[in-house]
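Participant: sequence and predicted structure below; questions after.
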Amino acid sequence: MSTIGFLGLGNMGGPMALNLVKAGHKVLGFDLSAAASKMSADAGVPVATNATDAVRDADTVITMLPAGKHVLDAYSGSMNLLGVVRPGTLFIDCSTIDIASARAASAAATKAGMLSVDAPVSGGVGGASGATLTFMVGGADEAFAKAKPILEAMGKKIVHCGGAGNGQAAKICNNMVLGISMIGVGEAFVLAKKLGLSEQALFDVASTSSGSCWSLNTYCPVPGPVPTSPANRNYAPGFAVDLMLKDLRLSQEASRASGAATPMGAAASQLFELFAAQGHGGLDFSAIVTFLNGTPGKAP
């Protein structure tokens, strides 16, 4: 079992840290938010009073932070965690951040004599709570081999995607597909309604035909056909609009940097941008169908 310092105890990080505790690891968490820290402490995750104390004795440091600048600040900036821990400590960054920052964090860790991987997740809050996340991992073979047993306490699928930054590359490519496909599914339901076709009839046909996809079959954006989808809970988020928009922005940043043509990704980013600007960033991203239907924020 590992001694783990876990930074970032929010909606995703809190449940992930708790699953590590349940798996028998010695975990000490930290979050700048007093509310997040209290929630994790009440759930059974020991919480430190500062980041330095959380990682000082750790052999593994896990970060789940909002953006690349926060990860770099934690690694080698004002927190300078790389200067606190012992050489050879494993750093696992589960944040979803830009590829350049991920590779810079990895380089800083290597220079300091540490092992590191970028390991963003897919699966939302439900996956974090149920320890069923998918981890997309970038890093050297040695670091991946050391990280895998720890990640397995928090997820059910661990994929080594290649070198540093490739986990982030896989995450933003996957979520670009997801954002695009959810808009396509939403447009189909809007059109079906205009044509007098019931939502259930469209679902029954498309879910078993060439239109079949995760956004339809598992996360159907209209109430009814898939009882477990957020559409049946007034679009309470499993994965919020703001988070989808963040990932789509990252995809477009990567597109520009690499010279890749992603016109559908750009269009998806613009539509989610408009929806979020209307004040709906806290809804589940499947609520984009309400924007397309002309009833933003309300079930169609």
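Facilitator: Noted; the coordinates are in hand.
Participant: where does the prediction get shaky in the stretch 1-150 of the chain?
Facilitator: When residues are selected by pLDDT under 70, none of them lie in the stretch 1-150 of the chain.
Participant: what sits against the residue most central in space within the chain?
Facilitator: The residue lying closest to the centre of the chain (C-alpha atoms, centre = their mean) is Val121, at 4.7 Å. Val121 is in contact with Met12, Cys94, Thr96, Gly127, Ala128, Leu133, Thr134, Phe135, Met136, Met154, Gly155, Lys171, counting by C-beta atoms under 8 Å, 6 or more residues apart in numbering. Heads up, the C-betas are built off the backbone N, CA and C, glycines and all.
Participant: the second one contacts Pro66, doesn't it?
Facilitator: No: in this structure, Cys94 is not within contact of Pro66 by C-beta atoms under 8 Å, at 12.0 Å.
Participant: quick check: closest non-adjacent residue to Pro87.
Facilitator: In space, and not counting its chain neighbours, Pro87 is closest to Gly113: 3.9 Å by C-beta to C-beta, 6 or more residues apart in numbering.
Participant: tell me the SS of the one you found?
Facilitator: coil (DSSP: H, G, I helix; E, B strand; the rest coil).
Participant: could you break the chain into its assigned domains?
Facilitator: Segmentation of the chain into domains, based on automatic domain parsing, reads 3-163, 169-292.
Participant: so where do the helices sit in the stretch 151-300 of the chain?
Facilitator: In the stretch 151-300 of the chain, the helices defined using DSSP state H, counting those that start in this stretch lie at 166-194, 199-206, 214-217, 241-258, 263-275, 288-292.
Participant: turn the ones you listed into JSON lines, including mean neighbour count, distance to Asp73 and mean pLDDT.
Facilitator: JSON lines is the format used below for the helices of the stretch 151-300 of the chain (neighbours: other C-beta atoms under 10 Å; distance: least, C-beta to C-beta, whole Å; pLDDT from 0 to 100):
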{"stretch": "helix 166-194", "mean neighbour count": "21", "distance to Asp73": "17", "mean pLDDT": "97"}
{"stretch": "helix 199-206", "mean neighbour count": "16", "distance to Asp73": "45", "mean pLDDT": "98"}
{"stretch": "helix 214-217", "mean neighbour count": "19", "distance to Asp73": "35", "mean pLDDT": "97"}
{"stretch": "helix 241-258", "mean neighbour count": "19", "distance to Asp73": "18", "mean pLDDT": "96"}
{"stretch": "helix 263-275", "mean neighbour count": "18", "distance to Asp73": "26", "mean pLDDT": "98"}
{"stretch": "helix 288-292", "mean neighbour count": "24", "distance to Asp73": "32", "mean pLDDT": "98"}
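Participant: which one of Cys94 and Pro66 has more residues nearby?
Facilitator: Cys94 (26 against 13; other C-beta atoms under 10 Å).
Participant: report the contact partners of the more buried one.
Facilitator: Here Cys94 is in contact with Met12, Gly13, Met16, Ile62, Thr63, Met64, Ala119, Pro120, Val121, Phe135 (criterion: C-beta under 8 Å, 6+ apart).
Participant: list the buried residues of the strand or helix carrying the third one.
Facilitator: Going back to what we said before, that points to Met16. Using DSSP states H and E, Met16 sits in helix 13-22. With burial defined by 16 or more other C-beta atoms under 10 Å, the residues of helix 13-22 counted as buried are Gly13, Gly14, Pro15, Met16, Ala17, Leu18, Asn19, Leu20, Val21.
Participant: which strand residues bridge the spatially closest residue to the residue nearest to the centre of the chain that is not a sequence neighbour?
Facilitator: Excluding its sequence neighbours, the residue lying closest to Val121 (C-beta to C-beta, 6+ apart) is Leu133, at 4.5 Å. Residues in a beta bridge with Leu133, per DSSP bridges, are Gly155.
Participant: burial count for Leu133?
Facilitator: 26.
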